[in-house]
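[1] When you get a sec, could you give me coordinates for this:
(2 chains)
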Amino acid sequence: KNEVEQSPQNLTAQEGEFITINCSYSVGISALHWLQQHPGGGIVSLFMLSSGKKKHGRLIATINIQEKHSSLHITASHPRDSAVYICAVGMLNYGGATNKLIFGTGTLLAVQP
Amino acid sequence: DVKVTQSSRYLVKRTGEKVFLECVQDMDHENMFWYRQDPGLGLRLIYFSYDVKMKEKGDIPEGYSVSREKKERFSLILESASTNQTSMYLCASSLSWGEKFFGPGTRLTVL
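    Residues are numbered from 1 along each chain as shown, chains lettered A, B, ... in the order given. Here you go, the predicted structure:
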């Protein structure tokens, strides 16, 4: 079982729809990251959060530490949101936070006009 | 804006060649990372560096080495490229445990 699981793996939505991508993890973490990767492109960091909720434009990220679960929401989706969305968690070890990220395998989102 | 640049977007090499991938960041970050990304496997850490001349192995260091002679530059070296090293290579940098900034990636094909 992977330490970071994302669902769904693939998602097709119509423009304007509300989208949710989920991430569950099984290890102790220092923080959770949501990343965006456009086809052929590099990776952009969307959010880094360790509790609660963050909002940036049409994007909202939430995390529930007790349930080891995070969601990324996109409101009023647009074709330019089409990308791979990757969840990654920063590992903790006995010494505290580490530099190591464990990545999910990503969710491929296609928003159709 | 933080900028992380990589020396090539696409690279084609032959089996057995020595390959250098270079990464430069302009924000004085102490941490720099090399990942490879393969379909179905996600990103995996090859090496990271937390200071000049300091390095630590990641999850898949075999067949790779790294060099960090200056704070802004982190090089990944494939001593003798093999076909199973065909992949997308991504460099990243960060300040302490914070947000990571990624480069555009280098798609390496080893023939």
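[2] The lengthiest strand in chain B near chain A at all?
    Ranked by number of residues, the top strand in chain B under DSSP state E is strand B:42-51. Yes - contact of strand B:42-51 with chain A (Cβ under 8 Å from any Cβ of the partner chain) involves B:Gly42, B:Leu43, B:Arg44, B:Leu45, B:Phe48, B:Tyr50. In short, each C-beta sits where N, CA and C put it, glycine included.
[3] residues touching the first one, list them.
    In this case it means B:Gly42. Counting by Cβ atoms under 8 Å, 6 or more residues apart in numbering or on different chains, B:Gly42 touches A:Ile86, A:Phe103, A:Gly104, A:Thr105, A:Gly106.
[4] please redo it, this time with the cut-off set to 10 Å
    B:Gly42 makes contacts with A:2, A:4, A:6, A:86-88, A:102-106, B:35-36, as judged by Cβ atoms under 10 Å, 6 or more residues apart in numbering or on different chains.
[5] Enumerate the residues of chain A near chain B.
    Counting by Cβ under 10 Å from any Cβ of the partner chain, the residues of chain A close to chain B are A:2, A:4, A:6, A:9, A:30-31, A:33, A:35, A:37, A:40-48, A:84, A:86-88, A:90, A:96-106.
[6] so of those, which ones are in strands?
    Assigned to strands by DSSP E, the following of the residues of chain A next to chain B qualify: A:4, A:6, A:30-31, A:33, A:35, A:37, A:43-48, A:84, A:86-88, A:90, A:96-103.
[7] show me where pLDDT drops low in the chain?
    No chain specified, so I'll use chain A. A:1, A:93-98 (pLDDT under 70).
[8] that's the wrong chain, I meant chain B
    Those would be B:1-2, if you go by pLDDT under 70 across chain B.
[9] Where do the strands of it begin and end?
    Per DSSP E, chain B carries strands over the ranges B:4-6, B:10-13, B:19-25, B:31-38, B:42-51, B:54-57, B:64-70, B:73-78, B:87-94, B:100-102, B:106-110.
[10] that older thread, partner strands of the longest strand of chain B and their direction?
    Applying DSSP bridges, strand B:42-51 is found paired with strand B:31-38 (antiparallel), strand B:54-57 (antiparallel).
[11] Quick check: buried residues in the last one?
    Of the residues in strand B:54-57, those scored as buried under the neighbour-count criterion (16 or more other Cβ atoms under 10 Å in any protein chain shown) are B:Lys55.
[12] Fine by me, thanks again.
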